[in-house]
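>>> Give me a 3D structure for the following:
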Amino acid sequence: MKLAVLGIDGGSWNVLRMLVEEGYMPSLKRLLERGVHGDLRSIVPPVTGGAWLSIATGLNPGKTGVIDFFKHVGNFVLEPVSGEDFRDRSFWDYLSVLGFRVAVLDYPLVYPAYPVNGVMLSSWGGRITAYPESVLDEIHCLVGEYNIFVDYHLEKYNNIELFLDDLRKAVEVKLRVSRSFMRRDWNLFVDVFSFTDWLQHRMWHYIDPKHPMYPGGEEASRYRRRLAEYWQMLDEYIGEVSETYDNVLIVSDHGFGPNWGVFNLVKWLAKHKFIKLKGGCMLVVAKLVKHAIRAFLRIRLFKLVPRGLRKKARKQVLSVTGLHLITVLEASLVVPLNYTIPFGALHVNPKFRDNAKKILNDVVEALMKLGEELDKELKVTVWRRDELYWGDKVDLLPDIIFTINDWACVVIKDLEKNEIYVEAPYSPRHIGSHRLDGIFVAWGKDFKKGIRVDKLSILDIAPTILYMFGAPIPDNLDGEVLKELFVYGASREPKYVPPVYYRVRKIRKRLASGKD
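Next up is the predicted model:
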């Protein structure tokens with residue numbers, strides 16, 4: 001059996017149905033008509049970092065400790081997610097141990113590439129690594145520089161034509177490499193496309209006529225056509241993959257919708273006295289520590305971070321450290337670590353852990369009155385940590401996570417800005433934002449035909465893939481095997497084993513090969 005798993009970052013039915021109906025994606029239309037499809041619910045929050053890790057492992061964030069691009073490792077320190085968070089517990093690792101040949105291309109946050117029974121290509125953040133390293137020479141001969149990372153946040157991409165031109169070059173390079181590896185003899189072929197996420201962040205106001213920035217007229221029509229061209233390129237590739245593999249899964253880490261609204265969490269917390277801001281000597285100390293951190297980053301942390309994310313990583317760690325010094329050491333009740341902007345999150349200061357319940361109740365009560373406080377139409381949704389996650393790393397995760405207007409409003413932490421809330425997108429280059437429901441498509445000889453399913457979770461992907469290969473499933477996985485999707489249905493029961501099963505198999509395999 002040969003399975004292809006295609007990841008479409010930010011894939012969302014509100015875009016894909018439109019493109020299918022308008023005739024831009026005939027290959028996807030064929031898979032929908034002859035296979036299984038439905039919504040795929042992401043984790044909370046629906047952020048690339050945590051979601052792709054949960055897809056790969058079948059584990060909820062309470063067991064991975066990851067909800068973002070950066071993970072809290074204790075003492076209010078955030079570190080970048082890396083390949084080590086995936087290694088030895090992703091579905092491709094389990095299948096590699098069993099001797100299946102796998103290829104994993106451009107899976108988000110898997111950096112650096114590590115050994116599998118096949119090939120792994122990592123391009124996260126613009127820095128390229130591969131296993132085996134000879135893959136890099138092969139790619140260089142094929143396309144030259146493998147630069148497929150387009151940072152839509154850059155100010156130069158206020159020029160949308162420049163953004164689209166650079167994106168097209170990146171997509172063409174990506175597809176040329178993908179086609180080369182896709183046609184080889186793999187049992188499992190995993191290929192993820194991130195440009196779809198960047199495209200929707202940058203161009204949502206051309207997709208959605210209800211967006212306040214929708215231009216209408218010829219401008220809207222022209223850029224909708226331009227946007228559709230990129231999806232057409234991907235659709236052609238989907239058709240080629242479906243002609244090559246017995247079965248195809250298409251999944252996304254989250255969905256998409258409009259971004260409208262910017263909430264400044266730290267200014268609001270200071271107003272309500274949940275954090276205490278003091279200057280003077282504390283600011284001097286913060287500056288000194290920042291200089292020390294910069295030196296550390298240059299020497300050690302940056303060796304682990306892709307070049308394209310180094311600036312972001314420096315900003316993230318320094319911002320967290322400075323905020324930590326100014327707030328936690330000044331007896332603030334909560335700590336707003338500098339997670340990325342799709343969601344809000346707060347940790348209770350350990351100094352006040354004995355009073356955590358009252359502190360959290362006070363914060364939640366104030367958040368629920370945010371619309372009244374600001375005289376705005378705002379819907380605030382708050383989750384307590386124990387409502388969302390379970391596992392041995394729960395204590396590293398925020399005590400509460402919240403969203404405003406169902407993920408439409410981003411949450412920033414900026415002490416230098418005065419406004420608590422602004423009715424606008426985050427930037428002219430960030431006009432769309434993430435949503436919980438992504439896409440799921442399953443097509444091939446093992447799947448039922450022409451049916452729609454619901455209540456699927458990204459946690460279900462890893463155990464279902466292992467089930468398809470007849471591989472034992474670690475019994476600590478949180479997702480379920482989607483047996484109802486298959487033509488053999490209940491006639492094949494999944495087999496569960498302790499997580500140590502694969503570690504033992506890997507050690508025995510290494511010893512048998514004579515490798516240290």
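>>> Which element, helix or strand, includes Asp235?
helix 217-244 (DSSP states H and E).
>>> Now that helix: average pLDDT?
In this model, helix 217-244 has a mean pLDDT of 97.
>>> That helix: which residues count as buried?
For helix 217-244, burial by neighbour count (16 or more other Cβ atoms under 10 Å) applies to 220, 223-224, 226-228, 230-235, 237-242, 244. For glycine as for every other residue, the C-beta is placed from the backbone atoms N, C-alpha and C.
>>> Kindly report the same for stretch 498-512.
For stretch 498-512, the neighbour count (16+ other Cβ under 10 Å) marks 501-502, 505-506 as buried.
>>> ok, so of those, who is nearest Glu145?
Proximity of the buried residues of stretch 498-512 to Glu145 (Cβ to Cβ) peaks at Lys506, which lies at 34.5 Å.
>>> Phi, psi for the closest one please.
Note on Lys506: backbone dihedrals following degrees, to the nearest 10 are phi -70, psi -40.
>>> That one against Val97, yeah?
Yes - in terms of Cβ atoms under 8 Å, Lys506 counts as a neighbour of Val97; the distance is 5.0 Å.
>>> In terms of secondary structure, what does the helix or strand following the helix holding Asp235 contact?
The helix or strand immediately downstream of helix 217-244 is strand 247-251, counting by DSSP H and E. When contacts are defined as 3 or more Cβ pairs under 8 Å, 6 or more residues apart in numbering; DSSP states H and E, strand 247-251 packs onto strand 3-8, helix 26-34, helix 217-244, strand 437-444, helix 461-468.
>>> how far out from the middle of the chain is the next helix or strand after the last one?
Tracing the chain past helix 461-468, the next element assigned as helix or strand by DSSP H and E is strand 473-474. Its chain's C-alpha centre and that of strand 473-474 lie 23 Å apart, by Cα atoms, centre = their mean, to the nearest Å.
>>> and what of stretch 373-393?
Distance of stretch 373-393 from its chain centroid, counting by Cα atoms, centre = their mean, is 19 Å.
>>> again, but for stretch 162-180
Worked out by Cα atoms, centre = their mean, stretch 162-180 lies 20 Å from the chain centre.
>>> Buried residues of that stretch, list them for me.
Neighbour-count burial for stretch 162-180 [16+ other Cβ under 10 Å]: 163-164, 166-168, 170-171, 173-175, 177-179.
>>> List the contacts of it.
The contact list for stretch 162-180, computed with Cβ atoms under 8 Å, 6 or more residues apart in numbering, reads 105-106, 121, 139, 142-143, 146-150, 152, 156-157, 191, 193, 195, 198-199, 202, 226, 230, 233-234, 237, 240, 429.
>>> quick one, domains of this protein?
3-257+434-500, 261-270+332-424, 276-330 (automatic domain parsing).
>>> and among the ones you listed, the most buried is which?
Highest mean neighbour count of those: domain 3-257+434-500, a mean of 19 (counted as mean count of other Cβ atoms under 10 Å).
>>> Now do that one: distance from first to last residue.
Domain 3-257+434-500 has its terminal residues 25 Å apart, counting by Cα to Cα, to the nearest Å.
>>> now swap in stretch 120-134 and tell me
11 Å.
>>> and it, what's its mean pLDDT?
Mean predicted confidence for stretch 120-134 is 93.
>>> where does the stretch 201-350 of the chain dip in pLDDT?
For the stretch 201-350 of the chain, the stretches flagged by pLDDT under 70 are 278-330.
>>> can you map out the helices along it?
For the stretch 201-350 of the chain, helices defined by DSSP state H, counting those that start in this stretch occupy the ranges 217-244, 265-271, 281-299, 307-327.
>>> The first one versus strand 247-251: what angle between them?
Direction vectors for helix 217-244 and strand 247-251, defined by axes from the mean of the first three to the mean of the last three Cα atoms, to 10 degrees, enclose an angle of 150 degrees.
>>> Between helix 26-34 and helix 217-244, find me the angle.
Calculated by the same axes, to 10 degrees, helix 217-244 forms an angle of 60 degrees with helix 26-34.
>>> and helix 217-244, how far out from the chain's middle?
Using Cα atoms, centre = their mean, the offset of helix 217-244 from its chain centre is 22 Å.
>>> for stretch 396-404, same thing?
Relative to its chain's centre, stretch 396-404 lies at 17 Å (Cα atoms, centre = their mean).
>>> who touches that stretch?
With Cβ under 8 Å, 6+ apart as the criterion, stretch 396-404 contacts 44-45, 61-62, 65, 67, 71-74, 261, 263, 334, 337, 339, 343-348, 356, 360, 363-364, 367, 370, 378-385, 388-389, 409, 411.
>>> end to end, how far does it reach?
Terminal residues of stretch 396-404 are spaced 23 Å apart (Cα to Cα).
>>> So for that stretch, mean pLDDT?
Mean predicted lDDT for stretch 396-404 stands at 98.
>>> Among the buried residues of stretch 498-512, find me the one that's closest to Arg452.
Closest to Arg452, out of all of those and judged by Cβ to Cβ, is Tyr502, at 34.0 Å.
>>> In terms of secondary structure, what does the helix or strand encompassing that closest one contact?
Using DSSP H and E, Tyr502 sits in helix 500-513. With contacts taken as 3+ Cβ pairs under 8 Å, 6+ apart, helix 500-513 sits against helix 91-97.
>>> Touching the helix it packs on from outside, list them.
Contacts for helix 91-97 (Cβ under 8 Å, 6+ apart): 56-58, 86-87, 102, 104, 116-118, 187-188, 190, 461-462, 465-466, 469, 471, 474, 502, 505-506, 509.
>>> okay, that helix in PDB with CA atoms only?
The C-alpha coordinates for helix 91-97 follow below in PDB (Å, rounded to 0.1, in the frame of the first residue of the first chain):
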ATOM      1  CA  PHE A  91       3.700   8.500  12.600                       C
ATOM      2  CA  TRP A  92       6.500   8.500  10.000                       C
ATOM      3  CA  ASP A  93       9.000   7.600  12.700                       C
ATOM      4  CA  TYR A  94       6.900   4.600  13.800                       C
ATOM      5  CA  LEU A  95       6.600   3.400  10.200                       C
ATOM      6  CA  SER A  96      10.300   3.900   9.600                       C
ATOM      7  CA  VAL A  97      11.100   1.600  12.600                       C
END
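>>> Which SSE is immediately downstream of it?
Past helix 91-97, the next helix or strand by DSSP H and E is strand 102-105.
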